[in-house]
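Enquirer: for reference, the sequence and a predicted model appear below.
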Amino acid sequence: MKIRKDKSSIHNGEYPYVKYLFILPSFIMFSFALLYPFLSGIKIAFTNWDGLKPYYEFNGLDNFARMFGDRRLGNALKNTLIYAGMGVVMNNVLTLGLAVLFNDLKKHWGNICRLVVFIPSCLSTVLSAFVWKFIYHYVLKSLTGWNSPLGSEIWVLPAIVIIGLWNSSGINVLIYTAALRNVPQEYVEAAKIDGAGKIRLFCSVTLPMITSSFTICITLTFTGLLKEFGTVMAATGGGPAMASSTVCMYIYDCLFSYNRAGYGQAVALAFMAVLVFIGTLMTNYFRKKEMEL
């Protein structure tokens, strides 16, 4: 009876803090791997530390003021915006089209196609970059005679976008598929009775009903592409002639190559604030669109 009383007392809320013990290990790991380095980095952003010496001096807002005249940072920011802009459009158009196509197939074939598209998402960005480097350098050249687009200042960013599409499209396909399956069939049948064709049905019924999936896919895709590092680093290292250098790569170079850890940390903090602002802005915009529809 005593044991039963103790168990019931836990369930009845006499020990409300016991449940927090289960998340304590995860919180400790999170604090050690992310929270503590982030808080330490805030202090470093206001110093002139080179990343090697055991001492440094505080320089106030000098690191943040220097960003406005940094041409390399401006070039990296331009490349990042172009890369993210191309990637978010191509990714969502492609994945929505594939989701609609697979949804119209028979269940068995649709599942197989979704599996095939999702498999590359299980590979690391580094492995995906090496696979496509081989395709660009050897397969493409042997089939068409064209040189690898990774060596062209004009085509390097579209080529990297294609690598990212192959590596990450599967997740958005599943999100859009789930949204399409939740479209009320009575609306679809009513539109068909009124004589709506496939295009009219898709634009007037399907799209308004899946706007919540646009909020998720577009926001996550855009913010994810803005902080892209692994694919670009493995594919080109920022070349040729810094034509594919992104903001995250520039931060990495400042921290580990240029011995400007304080400045690199300042850029990282400013860029994080930009990402939070853009993500919040996009989420609020699409939420308003959802309410209007």
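Expert: That came through fine.

Enquirer: so, low pLDDT: which residues of the stretch 1-150 of the chain?
Expert: Along the stretch 1-150 of the chain, the parts satisfying pLDDT under 70 run over 1-15.

Enquirer: residue boundaries of the helices in it?
Expert: For the stretch 1-150 of the chain, applying DSSP state H, counting those that start in this stretch gives helices covering 2-11, 24-30, 36-44, 62-66, 71-104, 107-118, 125-134, 140-144.

Enquirer: can you add mean neighbour count and distance to residue 213 and give the ones you listed back as JSON lines?
Expert: C-beta: built from backbone N, CA, C; applies to glycine. As requested, the helices of the stretch 1-150 of the chain are arranged in JSON lines below (neighbours: other Cβ atoms under 10 Å; distance: least, Cβ to Cβ, whole Å):
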{"stretch": "helix 2-11", "mean neighbour count": "10", "distance to residue 213": "39"}
{"stretch": "helix 24-30", "mean neighbour count": "10", "distance to residue 213": "29"}
{"stretch": "helix 36-44", "mean neighbour count": "13", "distance to residue 213": "31"}
{"stretch": "helix 62-66", "mean neighbour count": "16", "distance to residue 213": "37"}
{"stretch": "helix 71-104", "mean neighbour count": "18", "distance to residue 213": "9"}
{"stretch": "helix 107-118", "mean neighbour count": "13", "distance to residue 213": "15"}
{"stretch": "helix 125-134", "mean neighbour count": "17", "distance to residue 213": "24"}
{"stretch": "helix 140-144", "mean neighbour count": "11", "distance to residue 213": "34"}
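
Enquirer: save those helices as JSON lines, and put in distance to residue 264 too.
Expert: Output for the helices of the stretch 1-150 of the chain, formatted as JSON lines (distance: least, Cβ to Cβ, whole Å):
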{"stretch": "helix 2-11", "distance to residue 264": "49"}
{"stretch": "helix 24-30", "distance to residue 264": "23"}
{"stretch": "helix 36-44", "distance to residue 264": "9"}
{"stretch": "helix 62-66", "distance to residue 264": "9"}
{"stretch": "helix 71-104", "distance to residue 264": "10"}
{"stretch": "helix 107-118", "distance to residue 264": "36"}
{"stretch": "helix 125-134", "distance to residue 264": "21"}
{"stretch": "helix 140-144", "distance to residue 264": "35"}
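
Enquirer: out of those, nearest to residue 276?
Expert: helix 36-44 (13.0 Å; Cβ to Cβ).

Enquirer: what are the contacting residues of the closest one?
Expert: Residues outside helix 36-44 that contact it (Cβ atoms under 8 Å, 6 or more residues apart in numbering) are 56, 261, 262, 265, 268, 269.

Enquirer: try 10 Å this time
Expert: Under the criterion Cβ atoms under 10 Å, 6 or more residues apart in numbering, residues 30-31, 49, 51, 56, 58, 63, 255, 261-266, 268-269, 272 lie in contact with helix 36-44.
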